[in-house]
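[1] Everything below, folded, please.
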Amino acid sequence: MACGQILSGALSDRHGRRPVLLAGLAIAVLTGIGCTFAQDIATLIVLRLVQGFGAAASMILGRAIIRDVFEREHALRAMSNMATVLGVVPMLGPPLAGLMLEQVSWRWIYGLLTAITLAVSLVAWRKLGETLRAPDAQATNPRRILANCLEMIRMPASISFVITAYLLYGGIFAYLALIPFIARDSFGLSASAGGWLVGVSALAIWSGAVINNRLIRRVAVRRMLRVSTALAFGAALAVLLATLAVTQGWWGPERSATPGLTCIVIAVVAFCAAFGMTQSNCIVMSLQPLPHIAGTASALGASVQTLCGALGAWLASRLYDGTPAALGWCMAIAGTLSFLVFTFVAAKYAPAQAVQRAS
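    This next block holds a predicted model:
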């Protein structure tokens, strides 16, 4: 998926957003049908690999289209609306899949995913026009792709916002990776209960995005990000303290389950809400200096998001020893680094005045 995002971004800068988006969706639909009827695990894995490559286009081109169509104040609001989908939908998968597996075959999961993708494809085909105004004939040249990526990486006004947002994303994926096991090993809950705890985090991200959408009209981006990154930092430390308390038995073995799990979940909810408040603002700020390579820049940002999520899940799995402490350390690292990157680098590039006053 990370590789597909880079390629899709470059192709969209050359050929336009619409054809690349529709092609990616078509690949996702066709491979989804194949996944639904796959006869062995090897075939399923290969199809999923290709499906991720195709679906990558839809993940990043929405951001580029917003950059094409809207200026800063409207882009912030539009991206905040889109962030509710970007943050929530991937986290609704585990509880929904868990419920489906209790009732029907796993094939129905891929069937539902394919049906949703087909519906989105039809809407995009009927309703979405081309938004790219000036195609770049050299955008798919490998040297140009590398140069465009390096341009973003070398520009603190852009890459610092990407890092600020997606370090938090890595912390969230550490939670997604570990919470089913923590629920079982530390609190004696079922795996399906762990899935519902994932759903709570999705609701928190949605709530944070809604709050941001309401406030961004009258609060400066710099102030919003100061508050959201500070909230993530404080919440991450709270997760660490709560998980250490459970690990060390500070509540006592007979009383640790209820207060321990409650404190962990409340702190994680605050962390996820902070991410929901942070993500859309950082996406817009990261693309603002790079309108001439918005597709590639969107792709690189989305690739960093994917890789940070994978890194967070990997680190969590490596540190997990049967206690919740690994979750606390992973989220503390993510929250602290995000707060530091924004405070000492990105803050100087964030607007200090509200981009749109309330009427």
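
[2] okay, CA-based contacts and neighbour counts for the rest of this
    OK.

[3] The helix or strand where residue 238 lies - what's its average pLDDT?
    In this structure, residue 238 sits in helix 221-248 according to DSSP states H and E. The average pLDDT within helix 221-248 is 95.

[4] Can you point out the buried residues in it?
    Buried residues in helix 221-248, counted by 16 or more other C-alpha atoms under 10 Å: 221-247.

[5] do the same with stretch 30-38
    Buried residues in stretch 30-38 (16+ other C-alpha under 10 Å): 30-36, 38.

[6] So residue 77 versus residue 209, what's the distance?
    According to C-alpha to C-alpha, to the nearest Å, residue 77 stands 10 Å off from residue 209.

[7] what's the overlap in contacts for these two?
    Common contacts of residue 77 and residue 209 (C-alpha atoms under 8 Å, 6 or more residues apart in numbering): none found.

[8] Of these two, which one has the most company?
    residue 209 (32 against 23; other C-alpha atoms under 10 Å).

[9] Torsion angles phi and psi at that one?
    phi -70, psi -40 (degrees, to the nearest 10).

[10] That one and residue 228 touch, don't they?
    No - using C-alpha atoms under 8 Å, residue 209 is not in contact with residue 228; the gap is 10.9 Å.

[11] Find the residues that touch each one of those two.
    The contact sets of residue 209 and residue 228 overlap at residue 277 (C-alpha under 8 Å, 6+ apart).

[12] mind checking pLDDT for residue 251?
    Residue 251 carries a pLDDT score of 65 in this model.

[13] oh sorry, the question was meant for residue 49
    93.

[14] can you pull the contacts of it?
    Counted by C-alpha under 8 Å, 6+ apart, residue 49 has contacts residue 1.

[15] quick one on the thing from earlier: quick one: the helix holding residue 238 to chain centroid distance?
    Here helix 221-248 is found 18 Å from its chain centre; the criterion is C-alpha atoms, centre = their mean, to the nearest Å.

[16] helices or strands up against that helix?
    Helices and strands touching helix 221-248, by 3 or more C-alpha pairs under 8 Å, 6 or more residues apart in numbering; DSSP states H and E, are helix 257-287, helix 325-344.

[17] which stretch among those comes nearest residue 189?
    Minimum separation from residue 189 across the helices and strands packed on helix 221-248 (C-alpha to C-alpha) falls at helix 257-287, 10.0 Å.

[18] in that closest one, what counts as buried?
    Going by neighbour count (16+ other C-alpha under 10 Å), the buried part of helix 257-287 is 257, 260-261, 263-287.

[19] likewise stretch 149-160?
    Of the residues in stretch 149-160, 149, 151-153, 156-160 count as buried by neighbour count, 16+ other C-alpha under 10 Å.

[20] Now tell me which of these the prediction trusts least.
    Lowest pLDDT among the buried residues of stretch 149-160: residue 149, with 87.

[21] angle of the host helix or strand of that residue against helix 257-287?
    Following DSSP H and E, one finds residue 149 within helix 142-153. Angle, helix 142-153 to helix 257-287, by axes from the mean of the first three to the mean of the last three C-alpha atoms, to 10 degrees: 120 degrees.

[22] CA atoms only: put helix 142-153 into PDB for me.
    This file holds the C-alpha atoms of helix 142-153, laid out as PDB (Å, rounded to 0.1, in the frame of the first residue of the first chain):
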ATOM      1  CA  PRO A 142      11.700   8.000 -11.700                       C
ATOM      2  CA  ARG A 143      14.200  10.800 -11.200                       C
ATOM      3  CA  ARG A 144      11.300  13.300 -10.900                       C
ATOM      4  CA  ILE A 145       9.500  11.200  -8.400                       C
ATOM      5  CA  LEU A 146      12.600  11.000  -6.300                       C
ATOM      6  CA  ALA A 147      13.200  14.700  -6.700                       C
ATOM      7  CA  ASN A 148       9.600  15.500  -5.700                       C
ATOM      8  CA  CYS A 149       9.800  13.300  -2.600                       C
ATOM      9  CA  LEU A 150      13.200  14.800  -1.600                       C
ATOM     10  CA  GLU A 151      11.700  18.300  -2.100                       C
ATOM     11  CA  MET A 152       9.000  17.500   0.500                       C
ATOM     12  CA  ILE A 153      11.400  15.700   2.800                       C
END
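
[23] elements contacting it?
    In terms of contacts (3+ C-alpha pairs under 8 Å, 6+ apart), helix 142-153 is packed against helix 156-185, helix 294-319.

[24] Lowest average confidence across the ones you listed, which one?
    What stands lowest among the helices and strands packed on helix 142-153, in mean pLDDT terms, is helix 294-319, with a mean of 88.

[25] Can you name every helix or strand that that helix contacts?
    If you count contacts as 3+ C-alpha pairs under 8 Å, 6+ apart, helix 294-319 packs onto helix 2-15, helix 41-69, helix 142-153, helix 156-185, helix 257-287, helix 325-344.

[26] pLDDT below threshold where in the stretch 51-200 of the chain?
    Applying pLDDT under 70 to the stretch 51-200 of the chain flags the ranges 72-73, 76, 80, 83-84, 86-88, 90-91, 94, 190-192, 194-195.

[27] go with 90
    Scanning the stretch 51-200 of the chain for pLDDT under 90 picks out 53, 56-106, 128, 131-149, 176-177, 179-200.

[28] And residue 56, how far from residue 22?
    The gap separating residue 56 from residue 22 is 12 Å, by C-alpha to C-alpha.

[29] The two: who's more crowded?
    The neighbour comparison of residue 56 against residue 22 (other C-alpha under 10 Å) goes to residue 56, with 27 against 20.

[30] From residue 339, how far out is the more buried one?
    Counting by C-alpha to C-alpha, the gap from residue 56 to residue 339 is 28 Å.
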